[in-house]
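Peer 1: Please work out how this folds:
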Amino acid sequence: MTRVAALDLGTNTTRLLVADVEDGRVDEIARLVRITRLGEGVDSRRRLLPLPVARVRNCLTDYRRVLEAHAAERTLAVATSAVRDADNGEAFLGEVEWSYGFSTRLASGAEEARLTFRGATLGRDLDEATLVVDIGGGSTELVVGDAGGVQFDTSLDIGSVRMTERFVRSDPPAPEELADCVGAVRSLLAERIADEVRALPRQAIGVAATITTFAALDLALPAYDREQVQGHVLSREGVDRQLERLAALPLAERRAVPALEPERAPVIVAGGIILREVLDHFRLPALEASERDILDGIALEAAALPEPVEGNAPPGAYTCC
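Peer 2: Below you'll find the predicted structure:
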């Protein structure tokens with residue numbers, strides 16, 4: 001058994017999973033999430049900005065205390081869409097490795113998709129082709145596979161933060177803004193997903209906060225509850241019902257919706273549009289919400305890292321500037 005720490009340096013959130021990994025099983029010890037908006041402005045400026053970087057650094061300082069308290073033996077931090085798109089992304093990731101002592105990896109879109117599929121399907125017997133949907137802040141990963149492995153994967157630049165920055169400027173969103181967002185998502189799905197791929201999946205699993213939040217809203221939970229969200233079957237009609245509700249609310253009222261994290265309220269409408277359009281494009285009537293996701297895939301990768309060498313410099317021994 002190996003105790004690991006998995007870090008997801010996402011466009012909208014920075015997340016931590018501490019878990020024991022043994023024989024392909026991931027047993028959760030602690031799972032934390034903080035909205036840090038690392039990808040703020042990246043879509044237009046192609047750079048990670050100082051304030052978002054500072055938010056992530058502060059978060060990582062706190063997370064390092066947690067993983068040390070739990071005696072994690074190996075730590076792997078994986079960066080995704082925002083860091084991929086930023087001209088200074090690799091420099092940022094190198095600074096994270098030097099400052100905190102974490103092993104780091106910049107995942108391509110395909111690698112991100114496959115890590116997500118591995119995590120979301122952990123412990124499942126896939127007896128039919130399954131679509132795994134991961135709506136992030138900067139990108140959306142779509143993977144189709146079954147017990148025999150992955151048949152198709154792609155990463156699309158249509159995340160909740162990216163589409164909000166591009167299209168949603170009014171409060172509440174204007175109908176024409178929503179229509180433009182829908183049109184952009186539909187166009188990219190049509191361009192990137194061939195008809196033979198659309199016909200493959202017979203069921204779907206949805207991961208990450210947009211989907212789990214919509215599941216919580218569909219359940220009418222008074223507060224977010226992971227145990228009730230896990231495995232909830234969210235219908236296409238349920239997605240549309242919650243999307244219409246959220247899009248009609250000013251941001252201040254959206255922030256007050258029960259079970260919706262207030263800091264996620266600014267981008268949840270664009271995320272919901274992506275979710276609905278993906279279901280429509282694949283002609284799927286519903287999907288199952290899952291709390292297992294890319295973090296679980298990263299944990300499996302972390303367990304395969306070489307054992308740390310005794311005498312190496314401790315975390316925090318170096319800084320880039």
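Peer 1: going forward, measure contacts and count neighbours with C-alpha atoms only.
Peer 2: Noted.
Peer 1: where do the strands sit along the stretch 51-200 of the chain?
Peer 2: Here the stretch 51-200 of the chain has its strands, by DSSP state E, counting those that start in this stretch, at 74-79, 103-106, 130-135, 140-146, 149-156.
Peer 1: mind checking which of the ones you listed is nearest Arg245?
Peer 2: Smallest distance to Arg245 across those (CA to CA): 19.7 Å, for strand 130-135.
Peer 1: rewinding a little: now the strands of the stretch 51-200 of the chain in JSON lines, with mean neighbour count, mean pLDDT and distance to Gly272?
Peer 2: What follows is these, written out as JSON lines (neighbours: other CA atoms under 10 Å; pLDDT from 0 to 100; distance: least, CA to CA, whole Å):
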{"stretch": "strand 74-79", "mean neighbour count": "24", "mean pLDDT": "97", "distance to Gly272": "23"}
{"stretch": "strand 103-106", "mean neighbour count": "18", "mean pLDDT": "96", "distance to Gly272": "27"}
{"stretch": "strand 130-135", "mean neighbour count": "27", "mean pLDDT": "97", "distance to Gly272": "9"}
{"stretch": "strand 140-146", "mean neighbour count": "23", "mean pLDDT": "96", "distance to Gly272": "12"}
{"stretch": "strand 149-156", "mean neighbour count": "16", "mean pLDDT": "93", "distance to Gly272": "15"}
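Peer 1: Throw those strands into CSV and include distance to Val33, thanks.
Peer 2: Shown next, in CSV, are the strands of the stretch 51-200 of the chain (distance: least, CA to CA, whole Å):
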stretch, distance to Val33
strand 74-79, 14
strand 103-106, 18
strand 130-135, 16
strand 140-146, 19
strand 149-156, 23
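Peer 1: Gly238 is nearest to which of those strands?
Peer 2: Shortest distance between Gly238 and those, using CA to CA, is found for strand 130-135: 16.6 Å.
Peer 1: hmm, who's touching that closest one?
Peer 2: 113, 116-117, 120, 140-146, 159-160, 200-211, 271, 274-275 (CA atoms under 8 Å, 6 or more residues apart in numbering).
Peer 1: One more: stretch 69-79?
Peer 2: 2-10, 18, 93, 102-107, 298-299, 301-303, 305, 307-308.
Peer 1: Would you mind measuring the gap between the ends of it?
Peer 2: With CA to CA, to the nearest Å applied, stretch 69-79 spans 23 Å between its terminal residues.
Peer 1: what's the answer for stretch 81-93, then?
Peer 2: The first residue of stretch 81-93 is 13 Å away from its last residue (CA to CA).
Peer 1: secondary structure element for Glu253?
Peer 2: For Glu253, the host element (DSSP states H and E) is helix 251-254.
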